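In: sequence plus the predicted model coming up.
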Amino acid sequence: MEHVHNLLDKEKKLLAAKDILALDRDLKSLSLPKALKVESKNGLHLSLNAPLSKEVKDYILALKPWRKGPFFLDSYFIDSEWQSFIKLSALLKVVKASDINLADSDIIDIGANNAYYAFELALKGAKSITCLDPSGRFYKQFEFINLLANFKNINYRLLGIEDSHLLQKSFDLVLCLGVLYHRKDPLNTLKELFNITKKDGALILETLIINSKSPLSYTPYPTYAGMKNVYFLFSPSALVNLSLHAGFKNCDLVHKSYTTSKEQRSTPFIDSKSLGDNIESIRPRVQRAIFILKR
C-alpha cells in the first residue's frame, strides 16, 4: 500500500539521523527494569522492579531536553521544563464537561512530544492513543519510558500534522495542544484537523490567545517571547470564525489561564533557558485557552 510506504520512508529518515542512531544503539545496550505499577500524581510515577543503573541514568540525561513531564522513576526525578499535570488537569475537566467517554475513544495527539499526555490518558482508560510528532529525540524519550511502563494501547508515529491524512483514519477525539500558533497556515491546519475528526467527534484545541472581543489576530515579527516560529495569535472570536471556515459546526472557549514560571521553567533536564523563566514580563501578555470544536 502506497500510503504505508510513504509513512515509513518519512519515519526512517528521521530515525537515521546520527544522534538518533546513537541513542538507539545505546538504548539497546541497556539492561532496563520494568514498572510494577504506574500511577498519576502531579506527574507519572513508575514503581520499578530494580534500581536504575548509572548507565540508565546517563542515558536519561543524553535524551535531553525533557520538555513534558515530570516522570518519577522510583526516587529518580526527571524534572521536565513543563509541569504538564497542570494542563492535564484542565484537559480532563474539559473531557468530563463534554461527556467524552475515554474508554470508547480512539484518540490522536498532534504534536505529542514524548507522549506524556498519552501515558496519562492511557491510565484513565482511553481505548487507544495515536501520537504524532516528527521528532526522533522525543520518540526516543517515549520509547524509553514505554519500555519501562509497557502501555499496549499507545502508537507513536514520527509524523507531522501535514501527514495526518496518510493515516487514512479518523478519530473520536483529536488533541492539538500548543501547536496552532506555530503553523504558518492556521486555516489549513484546522482543515487537516477537521478531516481526521470523526463525524460527531471532537477536537480539543489549546493555543495562545490575545485579549480582544473583536475578531482580530496578532502577527509578531521577528519573534514573540524569543520564539521565531510564532505566526498568528488570535482573539477568541477570530478563532471561532476560523474554525467555522474550516468546517467545524461549533467552537466553544471552555478554559483560559496565564502560564506562570511554576508551570514552565528551566531545569537541569533541558540545559537551556525556558520561556517560562521570564514569562510574566513578556508583552503583549497572552493567555492559554482551550477550545472544544465539534464536527
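Out: Looks like it arrived, so ask away.
In: for the residue nearest the centre of the chain, which non-adjacent residue is closest in space?
Out: When C-alpha atoms, centre = their mean is applied to the chain, the residue found nearest the centroid is residue 112 (3.1 Å). Spatial nearest neighbour of residue 112, excluding adjacent residues (C-beta to C-beta, 6 or more residues apart in numbering): residue 131 at 3.5 Å. The way it works is simple: take the backbone N, C-alpha and C, and place the C-beta from them, glycine included.
In: got it, and residue 147?
Out: Distances taken as C-beta to C-beta, 6+ apart put residue 32 closest to residue 147, at 5.5 Å, once the chain neighbours are dropped.
In: now the one you found: phi and psi?
Out: Main-chain dihedrals, residue 32, degrees, to the nearest 10: phi -100, psi 140.
In: distance check, it against residue 207.
Out: Between residue 32 and residue 207 the computed distance is 37 Å (C-beta to C-beta, to the nearest Å).
In: neighbour count: the two, which is higher?
Out: Taking neighbours as other C-beta atoms under 10 Å, residue 32 and residue 207 compare with residue 207 leading, 23 against 16.
In: wait, the more buried one sits on residue 183?
Out: No - the criterion here is C-beta atoms under 8 Å, and residue 207 misses it with residue 183 at 9.8 Å.
In: the helices in the stretch 151-295 of the chain, which residues?
Out: Counting by DSSP state H, counting those that start in this stretch, the stretch 151-295 of the chain has helices at residues 186-195, 236-246.
In: out of those helices, which is closest to residue 60?
Out: With C-beta to C-beta as the criterion, residue 60 lies closest to helix 186-195 of these, at 33.0 Å.
In: mind listing what the residue nearest to residue 160 when sequence neighbours are not counted touches?
Out: The shortest distance from residue 160 to any non-neighbouring residue, by C-beta to C-beta, 6+ apart, is to residue 134 (4.6 Å). Counting by C-beta atoms under 8 Å, 6 or more residues apart in numbering, residue 134 touches 10, 14, 158-160, 163.
In: from residue 121, how far out is residue 134?
Out: For residue 134, the distance to residue 121 (C-beta to C-beta) stands at 21 Å.
In: also residue 220?
Out: Counting by C-beta to C-beta - residue 220 and residue 121 are separated by 32 Å.
In: and residue 16, by the same measure?
Out: Residue 16 is 30 Å from residue 121, by C-beta to C-beta.
In: by residue count, what's the longest strand in the chain?
Out: What stands out as the longest strand in the chain, according to DSSP state E, is strand 197-209.
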